[in-house]
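Participant: here's a sequence, model it:
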Amino acid sequence: VLVSFVANAEIETETMLAMEKSTVLLQCENEENGTGNRGTGYIVSANQYIVTNWHVVACSSEGGKVSVMVNNQPVFSEVIYHSSTPDLSIVKLPTAIDRPNVKFQLNIGKGNETFALGFPGAANPHGDQFEVKVTKGVISAVRGASTSGAASYYQTDAALNPGNSGGPLFDNNGHVVGTN
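Facilitator: Prediction:
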C-alpha cells in the first residue's frame, strides 16, 4: 500500500508509520534560571536510547531536566553522551518503550529524495505540539563523505523549523541518513 505525502512523494504507509513511531518530542527545562528548549529525537537502540541534537538538551549541563514525551506524558530521562561538535547527544529513557528502533543508511548521494520528521509546533506553545510533521526534500550537497564512517553533512531543501532540531532525516526506505 502506498500513500502520497507532500508534493506527491510516494513512500510506503508502514514505513512512514514506523518512522513516526520512532520519533519523539524532547524537552529540557531548567527551573532555576527559567531556560529551556524543545526539539525532536529518534529511537536508535533497545527501544530506550534516543539521538537528538545537543543544543536541544544542553540545559541538562546546567541542572536542567530532560523529558521525553511518551503517550503525551513526560518521562524524565538522562543525557548519557553529548558533543557540541557535531551537535549530537544520546538520551536514555529509564525503561524501554514500545517504539521501533530506526535503521540507518550510511551513504546517500545528491539528488536522492529525503523526508524530515519533527515537532515544529513544539517551539510554539500555542501550536499543535504533539503531532509529528513530515516534510520532503532532496539532497543537494554532500560534504565530508567517507567510507570510513566519518561524519557527513547533507544539505537538503526539506523545510525545517524550530522544533525540528534533532529529528530524523530519512530516505524512501525509512533508513535514517542524518539528524536535522
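
Participant: for Ile80, see how far away Pro86 is.
Facilitator: 17 Å (CB to CB, to the nearest Å). In this view, the C-beta of every residue, glycine as well, is placed from N, C-alpha and C.

Participant: Three-state assignment for the residue of the chain most remote from its centre, please.
Facilitator: In the chain, the residue that sits farthest from the middle, by CA atoms, centre = their mean, is Glu32; the gap is 27.2 Å. Look at Glu32: counting by DSSP: H, G, I helix; E, B strand; the rest coil, its state is coil.

Participant: please look at it and Gly63 and confirm they touch.
Facilitator: Yes - Glu32 is within contact range of Gly63, at 6.0 Å (criterion: CB atoms under 8 Å).

Participant: for this protein, longest helix please?
Facilitator: helix 13-22 (DSSP state H).

Participant: then that one to CSV, C-alphas only?
Facilitator: Provided in CSV are the C-alpha atoms of helix 13-22 (Å, rounded to 0.1, in the frame of the first residue of the first chain):
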residue,chain,number,x,y,z
THR,A,13,2.5,3.7,4.6
GLU,A,14,4.1,1.2,7.0
THR,A,15,7.5,2.8,6.6
MET,A,16,6.1,6.3,7.4
LEU,A,17,4.1,5.0,10.4
ALA,A,18,7.2,3.2,11.8
MET,A,19,9.3,6.4,11.4
GLU,A,20,6.6,8.4,13.1
LYS,A,21,6.5,6.0,16.0
SER,A,22,10.3,6.2,16.3
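
Participant: OK, contacts around the most centrally placed residue in the chain?
Facilitator: Computing the C-alpha centroid of the chain and ranking residues by CA atoms, centre = their mean puts Gly167 first, at 1.5 Å. Gly167 sits next to 23, 39-42, 116-119, 179-180 when contact means CB atoms under 8 Å, 6 or more residues apart in numbering.

Participant: same thing with Val75?
Facilitator: Applying CB under 8 Å, 6+ apart, the residues contacting Val75 are 67-69, 93-94, 97.

Participant: between the residues you listed, which is closest to Asn53?
Facilitator: Set against Asn53, the nearest of the contacts of Val75 by CB to CB is Val68 (14.2 Å).

Participant: ok, and the closest non-adjacent residue to Asn72?
Facilitator: Distance criterion CB to CB, 6 or more residues apart in numbering; nearest residue to Asn72, sequence neighbours excluded, is Phe130 at 5.6 Å.
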